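# pasting the structure only:
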């Protein structure tokens, strides 16, 4: 028996429970992972609230990211052995493989051996953020040396990853954040410039920073009315990748700017990359190369023990973090990961 994070109705963090369930047995193409750390994302919060793209089936588990040790493998699985330290690339539905628990199943295609220099906490925080940033900036927008990249909600784990991915491509990263309270932290995280959107004229500042040209790549998880400023701040032939909907207010759109500036506005989901074998392999190679060279480094804001999973969700929803929130799972001997 082991504990899994489950909920029986949609709602706030208080609906989460740690429930004892039998350890699952891996079927063909699956592995069983004894977890040491779990990565927490906005997706889990939205899923718990019933606001995600798929509806939970009760009683429901949740979770996209985990790191731990392989405890069993199903038939047809090659390349993994008992005791291997691994982490999980989100490339499945939470309704099929919820990985927030002590012993969880994952499809073998989604499992990777993480670099030895990473802790379990770091490994659990890598794949969602860096593959999302890689997919939007590299795979879709083709970011290149000399580009200016605008990154709204830059203090999120994906925002910080986008700063690093932009730099790996030798582009310039301009971080957008609501107030100046996180300015120094974002500069310390590598942002070349920071714009406080509630305190500054975004369009004027972008044009000032780019010599009037605007940004060639924009990587936006917000949407809403702020999209109008991003369109105005975009360079000719710019690519605007929208990968989230933090603001569900309808967005005004200057169609003239889209037309005459030849803009591309593209919705993007991580699963476009991770459910395609070739694109997922390219993303994993890119991230592993960056980790090995020190070009990509996960930033962990805070860790919570598994027993405090509801508190971890509350902290996520408060929005004050800079980086990733990670939940640690105790070893069977009682030690933390």
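Noted; the coordinates are in hand. This structure is a prediction, so every number in the text was calculated from the model and none was measured. Numbers count the residues shown, from 1 in each chain.

# could you use CA atoms for every contact and neighbour count after this?
Will do.

# and the helix or strand containing residue 128, which residues are buried?
Assessed by DSSP states H and E, residue 128 sits inside helix 127-134. By neighbour count on 16 or more other C-alpha atoms under 10 Å, the buried set for helix 127-134 is 127, 128, 129, 130, 131, 132, 133, 134.

# just checking, what packs against the longest helix along the chain?
In the chain, taking DSSP state H as the definition, the longest helix is helix 277-293. On a contact count with 3 or more C-alpha pairs under 8 Å, 6 or more residues apart in numbering; DSSP states H and E, helix 277-293 meets helix 127-134, helix 271-274.

# what's the following helix or strand after the longest one?
On the C-terminal side of helix 127-134, the nearest following helix or strand under DSSP H and E is strand 148-151.

# and that next one, which strands flank it?
When sheet partners are counted by DSSP bridges, strand 148-151 sits next to strand 172-177 (parallel), strand 215-220 (parallel).

# next, the angle from the last one to helix 127-134.
Okay, so that is strand 215-220. 150 degrees (axes from the mean of the first three to the mean of the last three C-alpha atoms, to 10 degrees).

# now do strand 215-220: distance to the chain's middle.
17 Å (C-alpha atoms, centre = their mean, to the nearest Å).

# again, but for stretch 132-145
Once both centres are worked out by C-alpha atoms, centre = their mean, stretch 132-145 turns out to sit 14 Å from its chain's centre.

# ok, and what's touching that stretch?
158-159, 161-162, 165-166, 169-171, 217, 219, 239-241, 243, 268-270, 273, 283, 286 (C-alpha atoms under 8 Å, 6 or more residues apart in numbering).

# just the buried ones among those residues, please.
Looks like the contacts of stretch 132-145 have 158-159, 161-162, 165-166, 169, 171, 217, 219, 239-241, 243, 268, 270, 273, 283, 286 buried, using 16+ other C-alpha under 10 Å.

# adding distance to residue 55, write the strands paired with strand 148-151 out as TSV.
Converted to TSV, the strands paired with strand 148-151 look like this (distance: least, C-alpha to C-alpha, whole Å):
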stretch	distance to residue 55
strand 172-177	31
strand 215-220	24
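
# from what I can see residue 217 touches residue 237, true?
No: the pair residue 217 / residue 237 is not scored as a contact, 9.2 Å apart, by C-alpha atoms under 8 Å.
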